[in-house]
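Asks: I would like the atomic coordinates for the input below:
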Amino acid sequence: MPLAAWMCWSVALGLAAALLGARELRASPRGVTQLRGFVALATHEAMVAVPITFWVLARHTDWALSYFVEGQRVPSAALLVVAVACGALALGGYALGAWWIRAHRPRSPGAAALGLAAAGLVGCLALHERVGAVGSTVQFRGGFGLAELGGSRVLATLVVAALGYGAGYAHLGWSLRTRL
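Replies: Okay, the predicted model is just below:
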């Protein structure tokens, strides 16, 4: 579930970025991909989000894939494609939010973002035995040698990733709200 939750959160953050850039979306008749807000989000995804996503996927593949697939069998190029797909989902969320804002439905992006964020969180809570256990897929399926998330290296990785995402999205949100 962590990867599925990550994808839900990516779309939610794209929707939130559209909300923050609503002033530009309402004022400009240009296509969404030509707007400075979209370019700012795309730059953020390319420079911050995709590298962090790939780092987490490559470092803790079994855990990130919720032990459904053995991490050793997944080529790193496939992980890179998944990381780029997460970035594309954020851009798709922005485009959807822009469409809703321009259609005079300004509450829809916020409601969808909250719903997706909650869905990711509920999914993680529902699959807490997969999210809370750290080890390899073989260990998970065999029920031996697993560590708890709280005392593992995955937690440190997630803290660093959250700090990177938080700082990046805070700057992006500030830029969308004040500069555009």
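
Asks: tell me, how many neighbours does the closest residue to Trp55 other than its chain neighbours end up with?
Replies: Nearest non-adjacent residue to Trp55, counting by CB to CB, 6 or more residues apart in numbering: Ala161, 7.2 Å away. C-beta: built from backbone N, CA, C; applies to glycine. Counted with other CB atoms under 10 Å, residues neighbouring Ala161 total 17.

Asks: Okay, Ala161 and Ala111: tell me how far apart.
Replies: 26 Å (CB to CB, to the nearest Å).

Asks: returning to that earlier point: what does the residue nearest to Trp55 show for phi and psi?
Replies: Main-chain dihedrals, Ala161, degrees, to the nearest 10: phi -60, psi -40.

Asks: In terms of pLDDT, where does it sit?
Replies: Looking at Ala161, its pLDDT is 92.

Asks: Same check on Leu180?
Replies: 60.

Asks: again, but for Gly151
Replies: Note on Gly151: pLDDT of 86.

Asks: and it, how many neighbours?
Replies: For Gly151, using other CB under 10 Å, the count is 9.

Asks: Ok, Arg30 next?
Replies: Neighbour count for Arg30, taken as other CB under 10 Å: 12.

Asks: Alpha carbons only: can I get whatever helix or strand Val122 lives in in CSV?
Replies: Using DSSP states H and E, Val122 maps to helix 107-126. Only the C-alpha atoms of helix 107-126 are listed here, as CSV (Å, rounded to 0.1, in the frame of the first residue of the first chain):
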residue,chain,number,x,y,z
ARG,A,107,-14.5,23.3,-4.0
SER,A,108,-14.1,20.1,-6.1
PRO,A,109,-10.2,20.1,-6.1
GLY,A,110,-10.0,20.5,-2.4
ALA,A,111,-12.6,17.9,-1.7
ALA,A,112,-10.9,15.4,-4.1
ALA,A,113,-7.5,16.2,-2.6
LEU,A,114,-8.8,15.5,0.9
GLY,A,115,-10.5,12.4,-0.3
LEU,A,116,-7.4,11.0,-2.0
ALA,A,117,-5.2,11.9,1.0
ALA,A,118,-7.6,10.2,3.3
ALA,A,119,-7.8,7.1,1.0
GLY,A,120,-4.0,6.8,1.1
LEU,A,121,-4.0,7.1,4.9
VAL,A,122,-6.9,4.7,5.4
GLY,A,123,-5.2,2.2,3.0
CYS,A,124,-2.0,2.4,5.0
LEU,A,125,-4.0,1.8,8.3
ALA,A,126,-6.0,-1.0,6.8
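
Asks: Counting by contacts, list what that helix packs against.
Replies: Packing contacts for helix 107-126, counted by 3 or more CB pairs under 8 Å, 6 or more residues apart in numbering; DSSP states H and E, involve helix 2-20, helix 76-102.

Asks: Great, nothing more from me.
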